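1. Have a look; sequence and predicted model below, questions after that.
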Amino acid sequence: MTLEILTPEKKIFSGEVYGVQLPGITGSFEVLDKHAPMVSALKAGKLKVLTDRSATTSYNIQSGFVEVLNNKTIVLIEGAEEI
């Protein structure tokens with residue numbers, strides 16, 4: 001699936017990934033390839049990009065939203081820092 005992570009200042013990440021783990025406001029959740037369409041609010045926490053089944057990249061993010069539609073996930077957040 002395609003993942004884009006955007007802040008008001010810049011694009012943090014864009015590319016094809018296996019999945020992404022997100023800090024939802026009611027608990028963490030994971031979006032994988034061909035996930036059902038959804039929109040969810042995010043709280044500050046750790047976002048983990050699963051670039052494939054064994055490689056990951058992590059970010060500490062501020063609050064925001066995520067939209068999943070047509071095998072594309074867009075994460076709109078206040079800010080992020082790679083860890």
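-> Received it, and whenever you're ready, just let me know what you need.

2. going forward, measure contacts and count neighbours with C-alpha atoms only.
-> Fine.

3. which strands and helices sit next to the lowest-mean-pLDDT helix or strand in the chain?
-> Across the helices and strands of the chain, mean pLDDT, DSSP states H and E gives its lowest value to strand 80-82, namely a mean of 91. Contacts defined by 3 or more CA pairs under 8 Å, 6 or more residues apart in numbering; DSSP states H and E place strand 80-82 against strand 56-61.

4. Please state the offset of the strand it packs on from the chain centre?
-> 9 Å (CA atoms, centre = their mean, to the nearest Å).

5. elements contacting it?
-> Looks like strand 56-61 contacts strand 45-50, strand 80-82 (3+ CA pairs under 8 Å, 6+ apart).

6. which of those strands is buried the deepest?
-> Mean neighbour count (mean count of other CA atoms under 10 Å) peaks for strand 45-50 among the helices and strands packed on strand 56-61, with a mean of 20.

7. Please list the outside residues in contact with that one.
-> Under the criterion CA atoms under 8 Å, 6 or more residues apart in numbering, residues 17-23, 56-63 lie in contact with strand 45-50.

8. Listing partners with orientation, what would you give for that strand?
-> strand 19-24 (antiparallel), strand 56-61 (antiparallel) (DSSP bridges).

9. Give the next helix or strand downstream of the first one.
-> This points to strand 19-24. Going down the chain from strand 19-24, the next helix or strand is strand 27-32, by DSSP states H and E.

10. State the mean pLDDT of that following strand.
-> Averaging pLDDT along strand 27-32 yields 96.
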